[in-house]
Each structure stands twice: as structure tokens, then as C-alpha cells.
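Novice: just to be clear, the model below is a prediction. Sequence and coordinates:
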2 protein chains.
Amino acid sequence: MDDDGLSPVFGALADPTRRAILARLAEGPAPVTELGRPFDISAQAVSKHLKVLERAGLISRTRQGQWRPCRLEAAPLERASGWIEQYRAVWEDSLGRLEQEIDRIQGRQDDATHD
Amino acid sequence: MDDDGLSPVFGALADPTRRAILARLAEGPAPVTELGRPFDISAQAVSKHLKVLERAGLISRTRQGQWRPCRLEAAPLERASGWIEQYRAVWEDSLGRLEQEIDRIQGRQDDATHD
DNA sequence: CGGCTTATCAACCATGTGGTTGCATATCGG
DNA sequence: CCGATATGCAACCACATGGTTGATAAGCCG
């Protein structure tokens, strides 16, 4: 199967808390406590979210005193975007063509019945 | 929380089988049996994948005789792409700037210690 | 050293996923 | 109506997720 590591990336993106964390991280690195502040969850839950993001390669963590600042790693986002962009033609142009195709096939069935 | 339904979409994308199904569907509608043919899984497993895709709004199913042809619905892909594209600047341009920022902060700490 | 903050690890629980098998249903085609 | 095909539903299993609480390690600061 063609898995260039996109599954963990999309999986990490499939959670609003993690998407919000990435949004915050886009403005610059931040330690765990600050990342979790907006959410009504424990620090441990935040830590688990970060682990998911890290396994997907979306963030990297360094040590700085007792803080572990997280940094956004955008490369996986670029690959994910590239995958979706394959379908840009579908939603921009070919979608109407596809629908017409279906109508054509269904129309042919109608012809066969009432003729 | 800002959840405009992107979580199910990314969740559906987080599986290589489902991504392959979408790839096949991009070429046109197809019934369940044909969608499952390339994979070494049961028809029921395919059906469950399709249910996940359907709940995410990525496909729609119609009835045509005993077949239930699936059709790709690209709108959620467009929204997902839009979300990721927010970060294009990060991986295209600002990434280096971000790294420099970190180096600057760390450098300032070094200054404080050895000065 | 002792205490505070930061952050992670471990165990637990409920739920979803990804697969299976078995059964039910619907439709075509004799 | 009967049988074959296409598809869905339900139950089950193993495992991951997303949350909790409790304990623990690592750093700062007094």
C-alpha cells in the first residue's frame, strides 16, 4: 500500500484540540503549559496530544530549563496539502462533468425502460 | 471550539485504504464490490470504510439496481485543503524566520550566562 | 536540602477503528 | 418463486484515542 506516512499526519489533524495547538504554534514556539491553557483539559491530556503530533512529525520538542518548548514542523503539512491538491481538479472543474456523467447513465436506463 | 466538521474529514483521510478508495473514486463513480477489489479485505470491511467516508461527507451513495454506486464529494477536501493552506506561509517562507527566532532567543540566554 | 513548577509516565475507562464472521435484505434473472 | 449477487447490519476482537487520576523525574529558587 502507498503509505508515505500521511496516515499519522491526517490522524493528528483529526482533532480540534490538536489543530488549535498547531494554530498557536504557527505564531512561534511555546511550552506545554501555555499550549494547554486555552483548553479545559489536564496537562497530561495536552502531553498526549503533543505526543501524537510529534509521532506525526508535526512538532519537535527541545529542552530549555524545565520547559519543553514545542515547535511547529510544517513539512508534513506540505505533504498532506500535496495529497489533497491532487483532487483540486475534481472540486474546481471536473465535478460538474462527473455529475453529468451520472445523469447520462441514469438517463440511458430510463430510455431502455420506456422504449 | 472551532469545529466546522474538519475532524471527521481528516479522520477519514487517516487511512491508506480510504485514501486509495478516494483515488479510485476520483476517476468516476463505482459500486462497492469494485472499490474493494484491490484490497485483501472483506466486503463488509469496505462497507465500513465507506460509512466513515460518508459520515465525513467525502462520498455520497445512490441506488442503481442492486448496486450502490459511490460518488466522490470534493467539497470537504476543499475545506481541508483550505485549513492546511493557512500554514503555507510557514513552510514556504516563515520557517527559516522561526528558526532564526529560536536561535536568537537561545543566543540571548548564552549571552546572559557568559557575559 | 526542600519546595515549587513543569512535564512525563502508568494505569484505568469509555469509545471508535479496522478487521473478522454470520445473518439479513434487496435486486436481478431464470 | 428460487437462486445468485450486492450490500448492509450486528456481534465480536484487538488495538488506538482522549480523557481522567496518581506518581515521578527534572529544574529553578529560597
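Specialist: Structure received.
Novice: which other helices and strands does the strand or helix carrying A:Glu54 contact?
Specialist: A:Glu54 is located in helix A:43-55, with elements delineated by DSSP states H and E. The elements that helix A:43-55 packs onto, with contact taken as 3 or more C-beta pairs under 8 Å, 6 or more residues apart in numbering or on different chains; DSSP states H and E, are helix A:6-13, helix A:16-25, helix A:32-36, strand A:59-61. C-beta coordinates here come from the backbone N, C-alpha and C atoms, glycine included.
Novice: the longest one packs against which elements?
Specialist: Pointing back at helix A:16-25 there. helix A:6-13, helix A:32-36, helix A:43-55, strand A:70-72, helix B:6-13.
Novice: closest to DNA strand D out of these?
Specialist: DNA strand D lies closest to helix A:43-55 among the helices and strands packed on helix A:16-25, at 3.5 Å (C-beta to the nearest atom of the strand).
Novice: and the closest one with DNA strand C, contact?
Specialist: Yes. Helix A:43-55 comes into contact with DNA strand C (C-beta under 7 Å from any atom of the strand), by way of A:43-44, A:46-47, A:50-51.
Novice: which ChimeraX command selects the buried ones in the residues you listed?
Specialist: If you want just the buried ones from these in ChimeraX, going by 16 or more other C-beta atoms under 10 Å in any protein chain shown, the selection is:
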select /A:46,50
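Novice: let me know the closest of the residues of helix A:43-55 next to DNA strand C to chain B.
Specialist: Nearest to chain B out of these is A:Val46 (C-beta to the nearest C-beta; 14.5 Å).
Novice: excluding chain neighbours, what is closest to that closest one?
Specialist: Computed as C-beta to C-beta, 6 or more residues apart in numbering or on different chains, the closest residue to A:Val46 that is not its neighbour in sequence is A:Gly36, at 3.5 Å.
Novice: likewise A:Leu35?
Specialist: The shortest distance from A:Leu35 to any non-neighbouring residue, by C-beta to C-beta, 6+ apart, is to A:Ile21 (5.3 Å).
Novice: quick one: residues contacting the one you found.
Specialist: A:35, A:46, A:49-50, A:53, A:70 (C-beta atoms under 8 Å, 6 or more residues apart in numbering or on different chains).
Novice: out of the residues you listed, which are close to DNA strand D?
Specialist: Applying C-beta under 7 Å from any atom of the strand to the contacts of A:Ile21, those adjacent to DNA strand D are A:His49.
Novice: need the contacts of A:Ile21 in TSV with pLDDT and distance to B:Gly28, can you?
Specialist: As requested, the contacts of A:Ile21 are exported to TSV (pLDDT from 0 to 100; distance: C-beta to C-beta, whole Å):
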residue	pLDDT	distance to B:Gly28
A:Leu35	93	44
A:Val46	95	44
A:His49	95	39
A:Leu50	95	41
A:Leu53	95	36
A:Cys70	92	43
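Novice: between the contacts of A:Ile21, which is nearest A:Gly11?
Specialist: Taking C-beta to C-beta as the measure, A:Leu53 is the one of the contacts of A:Ile21 closest to A:Gly11, at 10.2 Å.
Novice: near DNA strand C, which residues of chain A show up?
Specialist: Residues of chain A found near DNA strand C (C-beta under 7 Å from any atom of the strand) are A:31-34, A:43-44, A:46-47, A:50-51, A:61, A:66-69.
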